[in-house]
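Colleague: How does the following fold in three dimensions:
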Amino acid sequence: MMADTHDAPRSAGPLDVAKTVLYGLLGIRRKSDHESVHIRPLQVIVAAIVLVALFIFTLLTIVRIVLR
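Modeller: Next up is the predicted model:
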């Protein structure tokens with residue numbers, strides 16, 4: 001009998017979650033990246049809300065600067 005040498009997925013840190021959401025927004029996430037880290041749905045939802053809010057704030061700031 002051979003022992004399974006695959007490592008269990010590690011718990012996701014804030015940077016892992018941010019990368020997951022950003023890659024998801026761009027549509028470039030690979031399956032191997034997805035399987036290497038265990039990310040809870042709540043982590044993804046919170047990170048997505050924060051990053052979308054930051055994106056909207058950035059767009060509004062650019063528009064205000066241009067229209068000045």
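Colleague: how distant is the helix or strand encompassing Thr20 from the center of its chain?
Modeller: Take DSSP states H and E as the rule and Thr20 turns out to sit in helix 14-26. Between the centre of helix 14-26 and the centre of its chain there are 2 Å (Cα atoms, centre = their mean, to the nearest Å).
Colleague: what about it, average pLDDT?
Modeller: The predicted model assigns helix 14-26 a mean pLDDT of 83.
Colleague: Put the alpha carbons of it into CSV.
Modeller: The C-alpha atoms that make up helix 14-26 are tabulated as CSV, following Å, rounded to 0.1, in the frame of the first residue of the first chain:
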residue,chain,number,x,y,z
PRO,A,14,-5.9,37.6,3.8
LEU,A,15,-3.6,37.8,0.8
ASP,A,16,-4.8,34.5,-0.5
VAL,A,17,-8.4,35.6,-0.3
ALA,A,18,-7.6,39.0,-2.0
LYS,A,19,-5.8,37.2,-4.8
THR,A,20,-8.7,34.8,-5.2
VAL,A,21,-11.2,37.6,-5.5
LEU,A,22,-9.0,39.7,-7.9
TYR,A,23,-8.3,36.7,-10.1
GLY,A,24,-12.0,35.9,-10.1
LEU,A,25,-12.9,39.4,-11.2
LEU,A,26,-10.4,39.1,-14.0
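Colleague: That one packs against which elements?
Modeller: Applying 3 or more Cβ pairs under 8 Å, 6 or more residues apart in numbering; DSSP states H and E, one finds that helix 14-26 contacts helix 31-36, helix 41-66. Bear in mind the C-beta positions are built from the backbone N, C-alpha and C, glycine included.
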